[in-house]
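# need a structure here:
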Amino acid sequence: MSDRYDAKAVRDAWQRLLWRASETKRQPTAESDRLALWSVSVVDPAGERILLDVLARAWSQGWQPAEVLHVVAHKTDRVAARLVGVAIVADHDRRGSQAIDPRWQVQIDRLDARQESTRHDWLRQWRRREGMDRRRCYDAVGAAWRVLSRLPHLPLLIPAPGVDPSAVMVGAPALATTADPVLDRIRKLLAKAESTDFGAEAELLTAKAQELMARHAVDRARVERGAAGDEPCMTRVLLESPYVVVKGALLAAVADANRCRAIGITGLNLSVVVGHAEDLAAVEVLFTSLLVQASHALAALARPAAAGDRSRTSAFRRSFHLGFASRIGERLATENKAVLAEAGALPSLPVLRSRERAVDDTVQSLFGGRLTESRIGGRYDAWGAAQGRSAADLARLNAGELSA
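Model prediction:
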């Protein structure tokens with residue numbers, strides 16, 4: 001075949017592979033086998049362009065590198081996710097002359113593939129590192145494309161390289177230029193909460209963390225009283241399987257307690273959280289710690305001497321997480337109420353309420369009329385829920401005057 005005809009045949013075969021991959025989960029082996037018979041110098045560059053083009057589309061739809069990797073891993077497998085990681089680095093490396101938002105750069109720098117060369121033949125180099133034949137490699141390209149080509153639009157939080165920053169409607173929090181001593185102390189308290197084997201100690205430490213959050217919010221409100229405060233911003237939290245929906249319920253409870261709002265995105269293992277920058281930072285720290293504490297408590301229950309096989313069922317575990325989230329929400333609300341009831345907090349209440357209204361207004365402007373409440377499906381295990389509530393009672397929230 002001539003080079004011109006060969007290139008056209010390759011493009012047609014790639015299109016058949018991609019479109020078949022979008023219609024069924026069965027591996028499109030006929031097309032990948034055919035591609036594997038043709039020249040690498042023609043087939044591989046076409047595969048690279050396919051991935052780079054679909055990534056550019058994802059960036060234009062508001063997606064960020066970490067989110068793309070998260071969804072590809074959730075929808076396909078780790079092999080496709082590793083391939084997309086290399087493609088993201090290749091996309092980034094070819095944009096050397098474009099302005100890069102620091103928050104975007106941080107996500108690129110955290111990629112496992114960041115140190116790999118993407119100057120020439122990066123698809124072939126990746127395949128060799130993986131010890132993978134060409135057919136499986138091309139199947140992975142198709143699997144990644146199937147996910148990336150169907151990504152929905154998300155609010156643009158961070159401008160992709162080359163995108164005008166004015167296109168951002170509600171931005172992500174800016175990178176902190178200085179360390180927040182209060183947030184650092186909260187992190188230390190929660191790290192202790194995660195590492196202890198004593199439930200009562202965990203309860204004290206986590207409660208202390210929430211108390212510090214509430215007091216910090218009061219202090220900020222006191223300083224900002226009478227002055228224009230910062231505008232609400234948005235972040236997206238990646239939720240890991242399993243039990244994504246009930247983990248999202250825990251995130252919503254933590255967000256509500258800290259004047260933020262969390263909204264789950266169905267089918268993507270993501271939640272949008274709207275709030276002021278300092279509150280968003282506190283929510284992410286506390287939520288992550290509580291997930292670790294819940295995991296430790298669940299692992300302890302799964303020991304044969306503690307609960308037997310029942311604690312290993314999906315109904316028990318789902319209900320455990322749900323009971324844990326419900327009880328944590330109650331405890332956080334109680335902690336906040338105690339802090340706000342103090343005489344010194346009263347002058348700050350109007351500012352806090354104003355900030356909370358601003359968050360609700362932002363949510364309404366972005367999602368008004370499109371939000372629905374969804375039921376948490378699956379079997380309910382009352383004992384699992386009770387065990388979750390008990391674990392939440394022992395999760396660290398208040399430690400009096402414990403020092404970090």
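# can you tell me the centre-most residue of the chain?
Taking C-alpha atoms, centre = their mean, the centroid of the chain lies closest to residue 238, which sits 1.5 Å from it.
# pretty sure that residue contacts residue 68?
No - assessed by C-beta atoms under 8 Å, residue 238 is found out of contact with residue 68, at 10.9 Å. For glycine as for every other residue, the C-beta is placed from the backbone atoms N, C-alpha and C.
# residues contacting the residue nearest to the centre of the chain?
By C-beta atoms under 8 Å, 6 or more residues apart in numbering, the residues touching residue 238 are 66-67, 70, 269-270.
# repeat that for residue 107.
Residue 107 makes contact with 64-66, according to C-beta under 8 Å, 6+ apart.
# show me which of the contacts of residue 238 is closest to residue 281.
residue 66 (16.6 Å; C-beta to C-beta).
# the closest one: which element?
helix 65-75 (DSSP states H and E).
# list just the nearest of the contacts of residue 238 to residue 257.
Taking C-beta to C-beta as the measure, residue 257 lies nearest residue 270 of the contacts of residue 238, at 20.8 Å.
# ok, now how distant is residue 389 from residue 324?
7 Å (C-beta to C-beta, to the nearest Å).
# quick one: which of those two has more around it?
residue 324 (31 against 18; other C-beta atoms under 10 Å).
# pretty sure the more buried one is touching residue 384, no?
No - Residue 324 sits out of contact with residue 384 when judged by C-beta under 8 Å, with a separation of 9.8 Å.
# list residues touching both of these two?
Counting by C-beta under 8 Å, 6+ apart, residue 324 and residue 384 have no shared contacts at all.
# domains in this structure, by residue range?
Following automatic domain parsing, one gets these domains for the chain: 3-167, 181-394.
# mean pLDDT for those: which is lowest?
Among the domains of the chain, domain 181-394 carries the lowest mean pLDDT, a mean of 76.
# which parts of the stretch 51-200 of the chain are helices?
Taking DSSP state H, counting those that start in this stretch as the criterion, the stretch 51-200 of the chain carries its helices at 65-75, 78-93, 102-109, 122-130, 134-148, 181-195, 199-224.
# the stretch 201-350 of the chain now?
With helices called from DSSP H, counting those that start in this stretch, the stretch 201-350 of the chain shows them at 244-257, 277-301, 314-340, 349-367.
# want to throw these into CSV with distance to residue 162?
Shown next, in CSV, are the helices of the stretch 201-350 of the chain (distance: least, C-beta to C-beta, whole Å):
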stretch, distance to residue 162
helix 244-257, 32
helix 277-301, 25
helix 314-340, 40
helix 349-367, 24
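# out of the ones you listed, deepest packed?
Most buried of the helices of the stretch 201-350 of the chain, by mean neighbour count (mean count of other C-beta atoms under 10 Å): helix 244-257, with a mean of 23.
# give the other helices and strands that it contacts.
Judged by 3 or more C-beta pairs under 8 Å, 6 or more residues apart in numbering; DSSP states H and E, helix 244-257 is in contact with strand 261-265, strand 270-275, helix 277-301, helix 314-340.
# run the chain-centre distance for that helix.
Distance, stretch centre to chain centre, for helix 244-257: 13 Å (C-alpha atoms, centre = their mean, to the nearest Å).
# that one to helix 314-340, inter-axis angle?
Angle of helix 244-257 versus helix 314-340, following axes from the mean of the first three to the mean of the last three C-alpha atoms, to 10 degrees, is 0 degrees.
# ok, residues contacting helix 244-257?
Under C-beta under 8 Å, 6+ apart, the answer for helix 244-257 is 210, 237, 239-240, 261-262, 264, 269, 271, 273, 275, 283, 286-287, 290-291, 294, 318, 321-322, 324-326, 328-329, 332-333, 335-336, 374, 376-377.
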